[in-house]
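**Student:** pasted the sequence and its predicted model underneath.
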Amino acid sequence: QEHLVESGGGLVQAGGSLRLSCSASGRGFSNNIIGWFRQAPGKEREFVATISRSGVATNYADAVKGRFTISRDIAKSTVYLQMNSLKPEDTAVYHCAVGLRYSTFADDYDSWGQGTQVTVSS
């Protein structure tokens, strides 16, 4: 089972950028679909983006499409989430997880990381 660790969160002003990283310790990381989800206080966990094993296919939530970009570096066993034009409503804890299938549903993912906090001030 993969052990995922997120990093790169922080406090940023609206309109700013952050790049999140999701790293894994297991050898099978390059064979995994990886998804990013976020959860704001008092809200349910929501899908943000996902990337296929090869990195060719990606999918985004409508709320982040055109602003966020998911990518992967197979050699470094790392998946990135580049977040531009950040808005206060992007404030949440961001988690990455291993996808059992290429999906936007949290139930199709496991091996969740502990998350990294992103706070966007207005």
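**Tutor:** Received it, and whenever you're ready, just let me know what you need. Residues are numbered from 1 along each chain as shown.

**Student:** need the three-state assignment for the most centrally placed residue in the chain.
**Tutor:** By C-alpha atoms, centre = their mean, the chain has its centre lying nearest to Trp36, at 2.7 Å. What DSSP: H, G, I helix; E, B strand; the rest coil gives for Trp36 is strand.

**Student:** tell me the contacts of the closest residue to it other than its chain neighbours?
**Tutor:** In space, and not counting its chain neighbours, Trp36 is closest to Val48: 4.2 Å by C-beta to C-beta, 6 or more residues apart in numbering. Yep, even glycine has a C-beta here, placed from its N, CA and C like the rest. Listed by C-beta atoms under 8 Å, 6 or more residues apart in numbering, the contact set of Val48 reads Gly35, Trp36, Phe37, Arg38, Tyr60, Ala61, Val64, Phe68, Leu81, Tyr94.

**Student:** how about 7 Å then?
**Tutor:** Contacts for Val48 (C-beta atoms under 7 Å, 6 or more residues apart in numbering) come out as Trp36, Phe37, Arg38, Ala61, Val64, Phe68.

**Student:** likewise Gly55?
**Tutor:** Counting by C-beta under 7 Å, 6+ apart, Gly55 makes contact with Ser71, Arg72.

**Student:** with the one 3 residues further on instead?
**Tutor:** The contact partners of Thr58, by C-beta under 7 Å, 6+ apart, come to Ala49, Thr50, Ile51, Ile70.

**Student:** list the neighbouring strands of the host helix or strand of the first one plus their orientation.
**Tutor:** So that's Ala49. Per DSSP states H and E: Ala49 is located in strand 46-51. Strand 46-51 has the following sheet partners, assigned by DSSP bridges: strand 33-39 (antiparallel), strand 58-60 (antiparallel).

**Student:** all good on my end, thank you.
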